[in-house]
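Enquirer: Predicted model follows, preceded by the sequence.
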Amino acid sequence: MLEMTIHEKACRGCHLCLDVCPTDCFTFEEETQKAVVSILENCIECLSCAYICPSGAISHTNHHEVKNFYRNIEFSKRMEKFL
């Protein structure tokens with residue numbers, strides 16, 4: 001099961017994770033001015049939030065990594081006839 005953590009001391013409250021998340025897993029707490037994981041079940045494990053976070057405050061464990069084949073030009077050329 002996926003586990004996602006936002007390290008509170010590292011979070012700058014920049015909203016980038018909220019903006020990039022395609023499934024709205026995050027909310028912003030006005031009181032603390034920090035992002036929090038609100039609906040982990042919605043997460044599709046794209047890891048966009050972790051990649052975009054400027055302070056590296058978001059970490060994931062127990063996620064399944066899939067090869068990023070659509071950025072591999074050689075693979076894309078071979079698959080072109082199927083797409």
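Expert: In hand now; what should we look at?
Enquirer: And the nearest residue to residue 27 once chain neighbours are set aside, how close does it get to residue 77?
Expert: Spatial nearest neighbour of residue 27, chain neighbours left out: residue 38 (4.2 Å); criterion: C-beta to C-beta, 6 or more residues apart in numbering. (C-beta placed from N, C-alpha, C; glycine too.) According to C-beta to C-beta, to the nearest Å, residue 38 stands 41 Å off from residue 77.
Enquirer: Please say which of those two ends up with more neighbours.
Expert: residue 38 (12 against 9; other C-beta atoms under 10 Å).
Enquirer: can you give me phi and psi for that one?
Expert: phi -100, psi -40 (degrees, to the nearest 10).
Enquirer: ditto for residue 9
Expert: Torsion angles, degrees, to the nearest 10, at residue 9: phi -70, psi -30.
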